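>>> Sharing a model prediction with you, sequence too.
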Amino acid sequence: QVELVDSGGGSVQAGGSLNISCAASESFYPGYCPGWFRQAEGKEREKVAFICPLGGSIWYNDPVKGRFTISEDRNKNIINLQMNHLTPEDTAIYYCAARRSNDYKYEWWGQGTQVTVSS
């Protein structure tokens with residue numbers, strides 16, 4: 001069972017950049033596909049970006065394509081989400097999550113980190 005810890009986030013003006021990270025208690029490779037969900041106030045949780053180190057596949061939700069980049073630092077058991085060209089619509093709590101590589105259920109979650117983008 002992997003433990004996840006979110007870090008980073010903060011406040012930035014529209015057009016700015018932020019990086020958030022998710023540290024795991026064990027390597028994501030090869031058994032897990034980690035990434036982030038986000039939930040804005042009053043809205044449903046939505047998937048943001050995910051990476052499967054086994055096979056190297058990456059997925060982005062349409063609203064963040066071309067602006068966000070997910071990456072893995074295998075030596076440190078960390079994944080990073082570089083967020084560029086942020087807009088107020090990106091304001092949300094971002095939750096790291098992971099599923100097993102051969103499953104679809106996200107069983108493990110970080111505590112979340114707040115990202116606030118002001119106009």
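It's in. Residues are numbered from 1 along each chain as shown.
>>> in which helix or strand would I find the one residue sitting closest to the centre of the chain?
Residue closest to the average C-alpha location in the chain (Cα atoms, centre = their mean): residue 36, at 2.9 Å. For residue 36, the host element (DSSP states H and E) is strand 32-39.
>>> and that strand, what does it pack onto?
Counting contacts by 3 or more Cβ pairs under 8 Å, 6 or more residues apart in numbering; DSSP states H and E, strand 32-39 packs against strand 18-24, strand 46-52, strand 78-83, strand 92-100. C-betas here are computed from N, CA, C, even on glycine.
>>> ok, and for the second one, which residues are buried?
Of all the residues in strand 46-52, those buried under the rule 16 or more other Cβ atoms under 10 Å are 48, 49, 50, 51, 52.
>>> Could you do stretch 51-62 as well?
Across stretch 51-62, burial judged by 16+ other Cβ under 10 Å covers 51, 52, 53, 60, 61.
>>> and the residues you listed as CSV, adding distance to residue 16?
Formatted as CSV, the buried residues of stretch 51-62 follow (distance: Cβ to Cβ, whole Å):
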residue, distance to residue 16
51, 24
52, 29
53, 29
60, 19
61, 20
